[in-house]
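Chemist: Quick one: sequence and predicted model below, then my questions.
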Amino acid sequence: MKDEEASQPTLGRPPEPRTDWWHLLGRLARKIFSWKVLKTIVMGQMVSLFICGTAVTSQFLAETYRVDTPMLQSFINYCLLFLVYTGWLAFRRGENGLVYIVRKKWWKYILLAIVDVEANYSIVKAYQYTTITSVQLLDCVGIPVLMALSWFILRSRYRLIHYIAVVVCLLGVGTMVGADVLSGRESGNATSMLIGDVLVILGACLYAVSNVCEEYVVKNLTREEFLGMLGLFGTFVSGIQLMIVEYSAIGNIEWNWQVGLLFAVFALCMFGLYSLMPIVIKLTSATSVNLGILTADLYSLFFGLFLFGYNICCRSAE
């Protein structure tokens, strides 16, 4: 009898709620380590490695072999996109076919191609003036620009923590530019490093515009349309600019197997980056992708320290 009374709740007082912490932790773990999240993380890190690959090869070409042909490097990538994705669209019919898309939307994709080509040109050109670590760290300035464009164009909304992160990001950019100027004064090339930093910031802002357009196209149309049109008009725009600004520079390249290999690796990394980026953006968003691939800065920092001999202040080791 006493056991039955003890097992019953006290009258007038509700039973205390039981918290199944193991159940809550299990739900949280299943949410965090779901297949979609893991797939997004893995693909995001692949994108980061592709970005790091383009950075390392560009730095080698600029610093070791004195190759100053940023447009040629990008032109090869656009040719690959043209051969694969524009060719893919050519076999389609109807509204998803190449002829229909070009006839209806050609001017939009030409503008997008100009933005993307100049973004690539600015970033790769910056390696002629500054270091791989400065380029990879400064390109985070594109994140606040991307957030602003997503707010107005894609109607994205953010929380207070996002705005705090933007402020921290901008403070970091200002600190990085200042560090480059100070270290450049010691080595006598402050002006060159400042030019490189400006090119990186310009390229990052143009990339933000391109990424917002990319998110809109891949979520409302198709990935193949975006890459096919970028391959078509990117090859056209970069080809014209190549003939105008780099005709003599290409003739001055001292070709050997090392230079050819670096061009090939750069082109393959860029092609992999462009092919994978729309998939990750479709799963998440352009803002999330750009936040996730900040690990490319860490990878590039390691390469800068061990391959190019930069110290923590981003100067060449004496």
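Modeler: Alright, I've got the coordinates.
Chemist: Verify the stated contact: Phe271 with Leu80.
Modeler: Yes - in this structure, Phe271 is within contact of Leu80 by CB atoms under 8 Å, at 4.6 Å. C-beta: built from backbone N, CA, C; applies to glycine.
Chemist: remind me which residues of the stretch 1-150 of the chain are low pLDDT?
Modeler: Along the stretch 1-150 of the chain, the model assigns pLDDT under 70 to residues 1-37, 136.
Chemist: one more time with 50, if that's ok
Modeler: Residues of the stretch 1-150 of the chain meeting the criterion pLDDT under 50: 1-2, 4-6, 10-11, 18.
Chemist: Which parts of it are helices?
Modeler: Per DSSP state H, counting those that start in this stretch, the stretch 1-150 of the chain carries helices over the ranges 2-7, 21-32, 35-59, 70-81, 87-90, 98-126, 132-138, 142-153.
Chemist: and the strand or helix carrying Ala204, how far out from the chain's middle?
Modeler: In this structure, Ala204 sits in helix 190-220 according to DSSP states H and E. Taking CA atoms, centre = their mean, to the nearest Å, one finds the center of helix 190-220 at 9 Å from the center of the full chain.
Chemist: Check which helices and strands it sits against.
Modeler: Under the contact criterion of 3 or more CB pairs under 8 Å, 6 or more residues apart in numbering; DSSP states H and E, the helices and strands touching helix 190-220 comprise helix 98-126, helix 132-138, helix 142-153, helix 160-187, helix 223-245, helix 257-283, helix 286-292.
Chemist: nearest to Met277, of the helices of the stretch 1-150 of the chain?
Modeler: Judged by CB to CB, the one of the helices of the stretch 1-150 of the chain that comes nearest to Met277 is helix 35-59, at 6.0 Å.
Chemist: Pick the most deeply packed of the helices of the stretch 1-150 of the chain.
Modeler: Ranked by average neighbour count under the criterion mean count of other CB atoms under 10 Å, those are headed by helix 132-138 at a mean of 26.
Chemist: Return that one as PDB; C-alpha atoms alone will do.
Modeler: Extracted C-alpha coordinates of helix 132-138, given in PDB (Å, rounded to 0.1, in the frame of the first residue of the first chain):
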ATOM      1  CA  ILE A 132      49.000  34.800 -52.100                       C
ATOM      2  CA  THR A 133      48.100  35.300 -48.500                       C
ATOM      3  CA  SER A 134      47.000  38.900 -49.100                       C
ATOM      4  CA  VAL A 135      44.900  37.900 -52.100                       C
ATOM      5  CA  GLN A 136      43.100  35.100 -50.300                       C
ATOM      6  CA  LEU A 137      42.500  37.100 -47.100                       C
ATOM      7  CA  LEU A 138      41.300  40.200 -48.800                       C
END
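Chemist: Next, format the helices of the stretch 1-150 of the chain as JSON lines and append distance to Thr287.
Modeler: Listed next are the helices of the stretch 1-150 of the chain as JSON lines, based on distance: least, CB to CB, whole Å:
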{"stretch": "helix 2-7", "distance to Thr287": "55"}
{"stretch": "helix 21-32", "distance to Thr287": "20"}
{"stretch": "helix 35-59", "distance to Thr287": "13"}
{"stretch": "helix 70-81", "distance to Thr287": "24"}
{"stretch": "helix 87-90", "distance to Thr287": "28"}
{"stretch": "helix 98-126", "distance to Thr287": "17"}
{"stretch": "helix 132-138", "distance to Thr287": "18"}
{"stretch": "helix 142-153", "distance to Thr287": "6"}
